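A.B. asks: next one to model:
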Amino acid sequence: MDSADPTRQTTSDQVKQLIGQLSDYFIDVREEVNSGTDVRSLHLFDVWQQVSLRRIVDLADGAETFYQEGRLLPACILTRSVMETVAIQYVVWKKLSAFTDTSDLQGAHKLLMSVVFGRRDKGDDWVNKSMNVLTAIDHLEKRFSGFRSEYDRLSEYVHPGFAGGYGMYVRKERDKLRSHFGQNPLRLEMNPWGRSELKCALLVAVTFIELLLQMRPRIELLLKNHD
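C.D. replies: This next block holds a predicted model:
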């Protein structure tokens with residue numbers, strides 16, 4: 001492990017600071033609203049924003065703990081999940097911007113239902129389908145070039161192949177068939193192999209939390225125009 005590396009410590013501190021910034025937006029209670037579909041759209045937005053925010057913080061905090069322990073595989077898998085959640089945030093913001101511009105309340109409500117209650121394991125028995133993650137990743141790639149390639153690299157750790165298996169737990173002696181096993185026996189550094197991607201994803205999340213907060217009054221105006 002590279003615990004003595006000052007660069008690693010700096011990046012780790014930055015990750016923790018970003019997690020703290022996002023945690024500052026946590027709320028404990030959102031007051032009850034009326035049952036009308038129009039008002040429920042605003043409540044859905046508030047719920048989704050808190051859920052996605054807490055998911056990012058929870059995943060990132062777990063990933064950073066694993067990075068500190070030198071456990072690259074679970075850290076990278078959790079980092080990948082952070083990237084997915086941030087990408088979904090971006091697409092929701094982008095689509096809600098379009099729906100509020102065109103006064104499409106039905107479109108906004110359907111979108112929010114899909115990201116709050118969506119799932120794909122129930123077939124036609126479940127009306128709300130979750131958003132396709134790769135589609136969201138590709139949307140964010142258009143704004144932040146390189147996001148998709150880093151996501152694809154981290155995705156390799158999910159599967160028990162070279163990156164997610166042999167490369168994590170095996171060190172082979174040069175020109176010999178003798179293999180040594182252990183936790184990160186190649187002593188791969190945490191920053192270039194995953195923590196830097198976590199920091200970048202959190203930076204994007206911090207940027208979009210402000211944009212999402214600005215979206216709420218636009219949704220309120222949309223509801224008012226449909227009264």
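
A.B. asks: for stretch 157-177, measure first residue to last.
C.D. replies: Start and end residues of stretch 157-177 are separated by 24 Å (CA to CA, to the nearest Å).

A.B. asks: skipping its backbone neighbours, what lies nearest residue 197 in space?
C.D. replies: Spatial nearest neighbour of residue 197, chain neighbours left out: residue 150 (5.1 Å); criterion: CB to CB, 6 or more residues apart in numbering. To be clear about C-beta, it is placed using only N, CA and C from the backbone, and glycine gets the same treatment.

A.B. asks: meant to ask about residue 196, not that
C.D. replies: Nearest non-adjacent residue to residue 196 (CB to CB, 6+ apart): residue 11, at 6.5 Å.

A.B. asks: thought that neighbour was touching residue 197?
C.D. replies: No - in this structure, residue 11 is not within contact of residue 197 by CB atoms under 8 Å, at 10.7 Å.

A.B. asks: can you tell me the helix or strand for the residue nearest to residue 196?
C.D. replies: Using DSSP states H and E, residue 11 maps to helix 6-23.

A.B. asks: list the buried residues in the helix or strand just after that helix.
C.D. replies: Following helix 6-23 in sequence order, the next helix or strand is helix 37-68 (DSSP H and E). By neighbour count on 16 or more other CB atoms under 10 Å, the buried set for helix 37-68 is 38, 40-49, 52-53, 55-57, 59-64, 66-68.

A.B. asks: now the angle from helix 37-68 to helix 6-23?
C.D. replies: Relative orientation of helix 37-68 and helix 6-23, computed by axes from the mean of the first three to the mean of the last three CA atoms, to 10 degrees: 160 degrees.

A.B. asks: in terms of secondary structure, what does helix 37-68 contact?
C.D. replies: Applying 3 or more CB pairs under 8 Å, 6 or more residues apart in numbering; DSSP states H and E, one finds that helix 37-68 makes contact with helix 6-23, helix 72-101, helix 105-117, helix 196-225.

A.B. asks: ok, residues contacting the first one?
C.D. replies: Where contact means CB atoms under 8 Å, 6 or more residues apart in numbering, the residues beyond helix 6-23 that reach it are 2, 53, 56-57, 60-61, 64, 67-68, 189-191, 195-196, 198-199, 202-203, 205-206, 209.

A.B. asks: if we can go back for a sec, now whichever strand or helix holds the residue nearest to residue 197: average pLDDT?
C.D. replies: Taking DSSP H and E as the criterion, residue 150 maps to helix 147-155. Helix 147-155 shows a mean pLDDT of 95.

A.B. asks: what comes up buried for it?
C.D. replies: 147, 148, 150, 151, 154, 155.

A.B. asks: settle it for me: which of residue 11 and residue 197 has more neighbours?
C.D. replies: Taking other CB atoms under 10 Å, residue 11 and residue 197 do not tie; residue 197 has more neighbours (23 against 20).

A.B. asks: could you list the low-pLDDT ranges of the chain?
C.D. replies: Along the chain, the parts satisfying pLDDT under 70 run over 1-9, 32-38, 227.

A.B. asks: quick check: the residue lying closest to residue 195 once chain neighbours are set aside vs residue 164, distance?
C.D. replies: Nearest non-adjacent residue to residue 195, counting by CB to CB, 6+ apart: residue 67, 4.9 Å away. From residue 67 across to residue 164, the span is 17 Å (CB to CB, to the nearest Å).

A.B. asks: touching stretch 168-178 from outside, list them.
C.D. replies: 72, 73, 157, 179, 180, 181, 182, 183, 184, 185, 186.
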